[in-house]
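Undergrad: Quick one, fold the following:
(4 chains)
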Number of protein chains: 2
Amino acid sequence: MANIHQIAERAGVSVATVSRVLNNAPTVSPKTRSKVESAIKELNYQPSMLGRNLRNSESRLILVLLPTFSNPFYSEIINGIQDTVIAKGYNILLCETDSRPERENIYFNMVKNKLADGVISMDPTINMKKLKELAESHPVILCSEYEEGGCIPYVTVDSELAAYQAVKHLIQLGNEKIALINSDEKFLYARQRRAGFERALKEFSLPIREEWIYHTKGLDFQHGVHAMRMILQQEEKPTAVFAVSDTLAIGALKAINMELRAMEPIAVVGFDNISFSSMTNPTLTTVSQPMYNMGCTAADMLLNSMKGERVENIVLDHELIIRESTMG
Amino acid sequence: MANIHQIAERAGVSVATVSRVLNNAPTVSPKTRSKVESAIKELNYQPSMLGRNLRNSESRLILVLLPTFSNPFYSEIINGIQDTVIAKGYNILLCETDSRPERENIYFNMVKNKLADGVISMDPTINMKKLKELAESHPVILCSEYEEGGCIPYVTVDSELAAYQAVKHLIQLGNEKIALINSDEKFLYARQRRAGFERALKEFSLPIREEWIYHTKGLDFQHGVHAMRMILQQEEKPTAVFAVSDTLAIGALKAINMELRAMEPIAVVGFDNISFSSMTNPTLTTVSQPMYNMGCTAADMLLNSMKGERVENIVLDHELIIRESTMG
DNA sequence: CTGAAAGCGCTAACAA
DNA sequence: TTGTTAGCGCTTTCAG
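TA: As a prediction, this is how the structure comes out:
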């Protein structure tokens, strides 16, 4: 692969002029420009990103941290991020942390090492302390999961309100015995969704029964299946269940289908509106998060932050999508 | 952020010695090493990847091309790739082409520009001509979708055989009227799966009826729903359907559930064994592809190819997973 | 409008 | 065992 010197030689100009042509500098005469351009064509030259990046001290790479690829929730967000940054000449370095702390270090170093110009984290399991440290000297945006009162800008939805509305919907349908399938409450979203759940129950003077609250160890379908089974083992069974993730809700639906064919149906509400949620039987009532838009927003915020602008936190709108799983 | 000169100065050594410590060269005395190491600690130094990459003329980044994030099939493969390359000190640059040719160019240039050291393509829509051109001078591996008789090494499964076995399973269950939901036959896997489908029918002297073969314009659930609806509009309805992707099969299942509650059940077989396929109602019989392993294998092949080794094509084993959708 | 030259941060050949 | 130095490929100031 040719380098800039060979182009300069071939075109009979200096490397500076080649560089100017490469960067569309206005101060190049048309004649010189075309000489350089033909040299570039003839030698099939591509400027090296490595050299350019070193000189400019930027990589034009955005690091995106996510806990796992297996939850489709993240796929949609990534779509939004990718479309947004590509339009600005950036690319994404996608990193699944798998909730493994040793991986975090690799990624944080990549940023410190200048291999990435900024970070979007969607990982609730991330080491906030380290991330905040990184954020002091590098652009960082939190997407979806965030930190209350923290100093890192975020884009998210109002989980508490969304959960409240979801549970209220169940109550208004006549359900008085409502279970909650939550994930680990070390995550902010889990605490918020639980708070919304409790607010709705309290508003209607319904008791909060701990035996109907189950905390899963993950968000896979199987965790939802297991949670629902545990809840169904209770002597008194709930008539409805709110799960904090569609994946859990879909697992719950499966467990209900398997174990309760002869019983009263149990209403189910999920959270996220992943594309599967309209393919289940029954289709799933769920809180729709604007995932694609959230990705775009996070990317815009990061790009602005990288330009040195101050960015504000953003809370996007959600929407309760009512489908068959709460229609008896 | 400090650079190597500052460390050298602080430690009272030359930059070469610092570099040696950084790269664990054996020819550094323990005393010097510890001087350098404390300087590194004190200044909180991280070597710049930009400088190192330029010097070494490598980026330690692997470009992974995939058509879309929304098919979970790819997520699993990516897991395998990521785990494998991270262990070798590489990272992945994940690129969704969305089947947009202009994006392809961006990515190909990244490789030519040295921003990526090698490519794993899982994108059936990729411009093979350009990819082959790239492969002449850069390491490239095809994963899942490949080219028969082409020169780019690949890892895949035997789609024809898998499809044959899947359809044979349907026939042995007593089905004689079997529909095929295929994607666009410009894709090799689609042609191969159709060939397997036809081989099974022929073996049992069953006619191939074009009105029961539907080609979708994509692999989303909705395409499966639509395809099944079209097939169900036929005067004579099939008793079973083979879909070349779980996403399509799940959509088909949905269409069947919606439109045929009172009718004979229609058996369905999918392809991929995505995790959602055990959550549907009924659970989906499907061909399991070793997705994680395929990702690991592709990554290993690429890494070897980057070392200059010759790599052989690999065909991994598949397995028919029999679930409720073919059990009446 | 163009060229010479410095330098981004690092590694490695060579010399000592 | 360590230091000096050239140079990876590029951009950009400064001088002309």
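
Undergrad: so where's chain A uncertain?
TA: Along chain A, the model assigns pLDDT under 70 to residues A:260-263.

Undergrad: can you give me the helices in it?
TA: All helices of chain A, identified by DSSP state H, fall at A:4-11, A:15-22, A:30-43, A:49-56, A:72-87, A:101-112, A:128-137, A:159-172, A:188-203, A:221-232, A:246-259, A:291-306.

Undergrad: need the residues of the stretch 201-328 of chain A near chain B, please.
TA: Applying CB under 8 Å from any CB of the partner chain, we find that the stretch 201-328 of chain A lies next to chain B at A:220-221, A:250-251, A:253-254, A:257, A:275-276, A:278-281. Just so you know, the C-beta spots here come from the backbone N, C-alpha and C atoms, and that holds for glycine as well.

Undergrad: Adding distance to B:Lys88 and neighbour count, write the residues you listed out as a markdown table.
TA: Output for those, formatted as a markdown table (distance: CB to CB, whole Å; neighbours: other CB atoms under 10 Å in any protein chain shown):
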| residue | distance to B:Lys88 | neighbour count |
| --- | --- | --- |
| A:Asp220 | 28 | 18 |
| A:Phe221 | 32 | 25 |
| A:Ile250 | 36 | 27 |
| A:Gly251 | 35 | 28 |
| A:Leu253 | 41 | 29 |
| A:Lys254 | 38 | 23 |
| A:Asn257 | 44 | 19 |
| A:Ser275 | 34 | 17 |
| A:Phe276 | 34 | 26 |
| A:Ser278 | 41 | 18 |
| A:Met279 | 38 | 23 |
| A:Thr280 | 40 | 26 |
| A:Asn281 | 44 | 18 |
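
Undergrad: Within range of DNA strand C, give me the residues from the stretch 101-250 of chain A.
TA: Residues of the stretch 101-250 of chain A that fall close to DNA strand C, judged by CB under 7 Å from any atom of the strand: none.

Undergrad: Which residues are in contact with the closest residue to chain B within the stretch 151-300 of chain A?
TA: Nearest to chain B in the stretch 151-300 of chain A, going by CB to the nearest CB, is A:Asn281, at a distance of 4.3 Å. Shown in contact with A:Asn281 (CB atoms under 8 Å, 6 or more residues apart in numbering or on different chains): A:257, B:253-254, B:257, B:280-281.

Undergrad: between those residues, which is nearest DNA strand C?
TA: Closest approach to DNA strand C among the contacts of A:Asn281 (CB to the nearest atom of the strand): B:Thr280, at 51.5 Å.

Undergrad: Please give me every residue in contact with the closest one.
TA: A:279-281, B:250, B:253, B:325.

Undergrad: A:Val21 contacts A:Glu37, correct?
TA: Yes. With contacts counted by CB atoms under 8 Å, A:Val21 reaches A:Glu37, the gap being 6.6 Å.

Undergrad: what about these two, which has more around it?
TA: Neighbours per residue (other CB atoms under 10 Å in any protein chain shown) separate A:Val21 from A:Glu37, with A:Val21 holding more: 20 against 15.

Undergrad: measure that one to A:Gly89 for me?
TA: From A:Val21 across to A:Gly89, the span is 18 Å (CB to CB, to the nearest Å).

Undergrad: And for A:Leu201?
TA: On the measure of CB to CB, A:Leu201 and A:Gly89 end up 50 Å apart.

Undergrad: between those two, which one's more packed in?
TA: Using other CB under 10 Å, the more surrounded residue of A:Leu201 and A:Gly89 is A:Leu201, with 21 against 8.

Undergrad: need the contact list for the residue of the stretch 151-300 of chain A found nearest DNA strand C.
TA: Taking CB to the nearest atom of the strand as the measure, the stretch 151-300 of chain A has A:Ile152 as its residue closest to DNA strand C, at 25.3 Å. A:Ile152 is in contact with A:131-132, A:135, A:140-142, A:146, counting by CB under 8 Å, 6+ apart.

Undergrad: So what's the residue count around A:Arg33?
TA: Per other CB under 10 Å, the neighbour tally for A:Arg33 reads 17.

Undergrad: repeat for A:Ile321
TA: Other residues near A:Ile321 come to 16 when the count uses other CB under 10 Å.

Undergrad: ditto for A:Trp212
TA: 19.

Undergrad: Verify the contact between it and A:Gln233 for me.
TA: No. Between A:Trp212 and A:Gln233 there is no contact under CB under 8 Å: 11.4 Å.

Undergrad: From A:Leu219, how far off is the closest residue in space to A:Phe73 that isn't next to it in sequence?
TA: The shortest distance from A:Phe73 to any non-neighbouring residue, by CB to CB, 6 or more residues apart in numbering or on different chains, is to A:Asp272 (4.8 Å). Going from A:Asp272 to A:Leu219 by CB to CB gives 10 Å.

Undergrad: what residues do these two have in common as contacts?
TA: Overlap of the contact sets of A:Asp272 and A:Leu219 (by CB under 8 Å, 6+ apart) consists of A:245, A:247.
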